[in-house]
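Peer 1: I'd like to go over a predicted model; first the sequence, then the structure.
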Amino acid sequence: MAAVAATAAPKGNGGGGGRAGPSEGSGTRRKKGPGPLATAYLVIYNVVMTAGWLVIAVGLVRAYLAKGSYHSLYYSIEKPLKFFQTGALLEILHCAIGIVPSSVVLTSFQVMSRVFLIWAVTHSVKEVQTEDSVLLFVTAWTITEIIRYSFYTFSLLNHLPYLIKWARYTLFIVLYPMGVSGELLTIYAALPFVRQAGLYSISLPNKYNFSFDYYAFLILIMISYIPLFPQLYFHMIHQRRKVLCHTEEHKKFE
Amino acid sequence: VEILDAKTREKLCFLDKVEPQATIAEIKNLFTKTQGKSLKDEDVLQKLPVGTTATLYFRDLGAQISWVTVFLTEYAGPLFIYLLFYFRVPFIYGHKYDFTSSRHSVVHLACICHSFHYVKRLLETLFVHRFSHGTMPLRNIFKNCTYYWGFAAWMAYYINHPLYTPPTYGAQQVKLALAIFVICQLGNFSIHMALRDLRPAGSKTRKIPYPTKNPFTWLFLLVSCPNYTYEVGSWIGFAIMTQCLPVALFSLVGFTQMTIWAKGKHRSYLKEFRDYPPLRMPIVPFLL
């Protein structure tokens, strides 16, 4: 049974703060962007991150050329990877204080899942560091992040080249499944070692009457990809249609 | 006075019988009173700030379910689920433990306290509480039941486990915890009764709650929502009694949610009543 609520007039927005002058009314207030100081900081942040992921990209290429094979390249970029991916935690703060208009929950989720893979899986289970699946997700992340951070940089400076916009909303079609595959394969490879060492697990009896099985937890994480990945993927496809077709329309009227 | 939207030129409001001497501020006041907030069932058409033609906007709130139904369902679950673990129903612990009983007295005490808590809540829902709204969105029942039932199962699993470890400081710890729990349960009940007495049956009036002769209600001097304060206290008592980390985590999550609610309630009190006692904090005396 649907319930109804009644209002006597259309819902106003912006409250009673407008001046009742002849040219203004208490109409809608547009969402303000970040102030000039916040914009400057964000530009610096995004430039630094772009540079950081470029360092990782270059590091991977150089290591490949030096070694002659693509195995075990993780060690050559381990430190910048940890530093710059962990640095992305700041993005949660940016949303929380409002200088970036994204949702705190969504951003936390995305950044935490990356940080989890870097520290709680790859760093913690040394035996997987030589797996090729690590290269798979590191490569996907590197290309994605270089494009994403340069996209933000140019957007903040109001000077976004179409190529970057196109790249951001197109390359994910390949990079996203590539990254997810790398992540899942790496977690899967870690499982036997976690089981063997009882990593991050606590069993009964203990004085806090608590138990945690990291092995089972990792399996739950892998299962959670099944509902989550398609949702995020199709959301991006939907965004692509909106953003790229919109630009096409604009171009027509120029 | 006809008020139009500056951008769309839509007629927003028609204010009837506005005095020529009325200031713009007064007109703004009349106008903002009709913005956004829903009308109440009790409002009389004649008294609304509309002209000779009233335009009412209906908003479909989606599928609804009554508060009483939600409360009864979300509280009956933990009561029943905890007992499944207490009696060690098959397929939870190893088969050799089926229908056995814990050898620790605190486990039996914990079952009594947990069950008492939820029986109290069920009875209060049926006989004490006076709800402002009849219904809430249907999806809430799934969300709420997952929370209550999930945590109840998680806590009950460990407290009634064959490998349960009783509190480090033994009977002393349990006695102290029990005292905290009982005091807070009595306190919580006293507040619920005091709030009920503020509002006559069937009405939806809102008044500032004040301390009564019952000493448990004296917490109103320091806090807007002492019912939440006592509720958190009860769960802290239960956590100390069982020395079980999942109970502590449940208390923490509950505290976070109740703080959000308390702050909201505190804000509406401040908005509605000019003479609201300034010493009061939302949920924790002097602090939060």
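Peer 2: Good, I have the coordinates. Just so you know, these numbers come straight off a predicted model, no measurement behind them.
Peer 1: what strand or helix carries the closest residue in space to A:I146 that isn't next to it in sequence?
Peer 2: Spatial nearest neighbour of A:I146, chain neighbours left out: A:W53 (4.8 Å); criterion: CB to CB, 6 or more residues apart in numbering or on different chains. For glycine as for every other residue, the C-beta is placed from the backbone atoms N, C-alpha and C. A:W53 belongs to helix A:36-67 when assigned by DSSP states H and E.
Peer 1: report the distance from the next helix or strand after that helix to the chain centre.
Peer 2: Of the helices and strands lying after helix A:36-67 in sequence (DSSP H and E), the nearest is helix A:74-87. On the basis of CA atoms, centre = their mean, to the nearest Å, helix A:74-87 sits 16 Å off its chain's mean C-alpha point.
Peer 1: now helix A:74-87 and helix A:36-67, what's the angle there?
Peer 2: Angular relation of helix A:74-87 and helix A:36-67 on a 0 to 180 degree scale: 170 degrees, by axes from the mean of the first three to the mean of the last three CA atoms, to 10 degrees.
Peer 1: CA atoms only for helix A:74-87 - export them in PDB, please.
Peer 2: Taking Å, rounded to 0.1, in the frame of the first residue of the first chain, the C-alpha atoms of helix A:74-87 are listed here in PDB:
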ATOM      1  CA  TYR A  74      57.100  -6.600  -9.000                       C
ATOM      2  CA  TYR A  75      60.300  -6.100  -7.200                       C
ATOM      3  CA  SER A  76      61.500  -3.300  -9.400                       C
ATOM      4  CA  ILE A  77      58.500  -1.100  -8.700                       C
ATOM      5  CA  GLU A  78      57.500  -2.400  -5.300                       C
ATOM      6  CA  LYS A  79      58.300   0.800  -3.400                       C
ATOM      7  CA  PRO A  80      56.700   3.500  -5.700                       C
ATOM      8  CA  LEU A  81      53.700   1.200  -6.100                       C
ATOM      9  CA  LYS A  82      53.200   1.000  -2.300                       C
ATOM     10  CA  PHE A  83      53.800   4.700  -1.900                       C
ATOM     11  CA  PHE A  84      51.500   6.100  -4.600                       C
ATOM     12  CA  GLN A  85      48.700   3.600  -4.200                       C
ATOM     13  CA  THR A  86      48.600   4.100  -0.400                       C
ATOM     14  CA  GLY A  87      48.800   7.900  -1.000                       C
END
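Peer 1: can you name every helix or strand that whichever strand in chain B runs longest contacts?
Peer 2: If you go by DSSP state E, chain B has its longest strand at strand B:57-66. Under the contact criterion of 3 or more CB pairs under 8 Å, 6 or more residues apart in numbering or on different chains; DSSP states H and E, strand B:57-66 touches strand A:2-7, strand B:135-137, helix B:139-159.
Peer 1: buried residues, that strand. List them.
Peer 2: B:Q64, B:I65 (16 or more other CB atoms under 10 Å in any protein chain shown).
Peer 1: give the partner strands of it in its sheet and their orientations.
Peer 2: Sheet pairing here is set by DSSP bridges, and for strand B:57-66 it gives strand A:2-7 (antiparallel), strand B:135-137 (antiparallel).
Peer 1: next structured bit after that strand?
Peer 2: Towards the C-terminus, the helix or strand next in line after strand B:57-66, according to DSSP H and E, is helix B:67-86.
Peer 1: picking up where we left off before, in terms of mean pLDDT, which of the strands paired with strand B:57-66 ranks lowest?
Peer 2: Per-stretch averages of pLDDT across the strands paired with strand B:57-66 put strand A:2-7 at the bottom, with a mean of 39.
Peer 1: run through the helices of chain B in chain order.
Peer 2: Taking DSSP state H as the criterion, chain B carries its helices at B:24-33, B:67-86, B:105-127, B:139-159, B:170-198, B:226-242, B:245-272.
Peer 1: lowest-confidence helix or strand of the chain?
Peer 2: Answering for chain A, as no chain was given. Ranking every helix and strand in chain A by mean pLDDT, DSSP states H and E puts strand A:2-7 at the bottom, with a mean of 39.
Peer 1: could you do chain B instead?
Peer 2: helix B:24-33 (a mean of 67).
Peer 1: so which residues on the stretch 101-250 of chain B come close to chain A?
Peer 2: Contacts of the stretch 101-250 of chain B with chain A, taken as CB under 8 Å from any CB of the partner chain, map to B:135, B:158-159, B:161, B:163-165, B:168, B:242-246.
Peer 1: circling back to that earlier point, format the helices and strands packed on strand B:57-66 as a markdown table; extra columns: mean neighbour count and distance to A:V115.
Peer 2: As requested, the helices and strands packed on strand B:57-66 are exported to a markdown table (neighbours: other CB atoms under 10 Å in any protein chain shown; distance: least, CB to CB, whole Å):
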| stretch | mean neighbour count | distance to A:V115 |
| --- | --- | --- |
| strand A:2-7 | 14 | 43 |
| strand B:135-137 | 17 | 34 |
| helix B:139-159 | 18 | 26 |
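Peer 1: name the next helix or strand following the one helix or strand A:F109 maps to along the chain.
Peer 2: Remark: A:F109 resides in helix A:104-115, with elements defined by DSSP H and E. Note on helix A:104-115: by DSSP H and E, the next helix or strand toward the C-terminus is helix A:132-156.
Peer 1: buried set for that next one?
Peer 2: A:133-156.
Peer 1: any idea how far B:W218 is from B:R196?
Peer 2: Distance of B:W218 to B:R196, computed by CB to CB, to the nearest Å: 18 Å.
Peer 1: equivalent analysis for A:K79, please.
Peer 2: If you go by CB to CB, the gap between A:K79 and B:R196 works out to 63 Å.
Peer 1: who's more crowded, these two?
Peer 2: Neighbours per residue, other CB atoms under 10 Å in any protein chain shown: of A:K79 and B:R196, the larger number sits with B:R196, 15 against 12.
Peer 1: my read: that one touches B:E124, true?
Peer 2: No: using CB atoms under 8 Å, B:R196 and B:E124 do not qualify as a contacting pair, with a distance of 9.1 Å.
Peer 1: ok, whichever strand or helix holds A:H235 near chain B or not?
Peer 2: With elements delineated by DSSP H and E, A:H235 resides in helix A:214-252, which encompasses its position. No: on the criterion CB under 8 Å from any CB, helix A:214-252 is out of touch with chain B, staying 14.1 Å away.
Peer 1: ok now that helix, how far from the chain's centre?
Peer 2: Relative to its chain's centre, helix A:214-252 lies at 11 Å (CA atoms, centre = their mean).
Peer 1: what angle separates that helix from helix A:104-115?
Peer 2: Going by the same axes, to 10 degrees, helix A:214-252 makes 120 degrees with helix A:104-115.
Peer 1: flag every buried residue along helix A:214-252.
Peer 2: Within helix A:214-252, judged by 16+ other CB under 10 Å, the buried ones are A:Y214, A:Y215, A:L218, A:I221, A:F229, A:L232, A:M236, A:R240.
Peer 1: nearest to chain B among the residues you listed?
Peer 2: Using CB to the nearest CB, A:Y214 comes nearest to chain B of these, at 16.2 Å.
Peer 1: what about the chain, any weak spots by pLDDT?
Peer 2: Going with chain A. In the predicted model, chain A carries pLDDT under 70 at residues A:1-33, A:247-254.
Peer 1: actually chain B
Peer 2: Residues of chain B meeting the criterion pLDDT under 70: B:7-8, B:12-13, B:15-17, B:28-43, B:46-52, B:54-59.
Peer 1: and the helix holding A:H235, what does it pack onto?
Peer 2: Packed on helix A:214-252, when contacts are counted by 3+ CB pairs under 8 Å, 6+ apart, are helix A:162-170, helix A:172-197.
Peer 1: buried stuff in the helix holding A:W53?
Peer 2: Within helix A:36-67, the residues that qualify as buried by neighbour count (16+ other CB under 10 Å) are A:38, A:42-43, A:45-46, A:49-50, A:52-57, A:59-60, A:63.
Peer 1: ok, stretch B:119-136 next?
Peer 2: Along stretch B:119-136, the positions that meet the burial threshold by neighbour count (16+ other CB under 10 Å) are B:K120, B:R121, B:E124, B:T125, B:R130, B:T135, B:M136.
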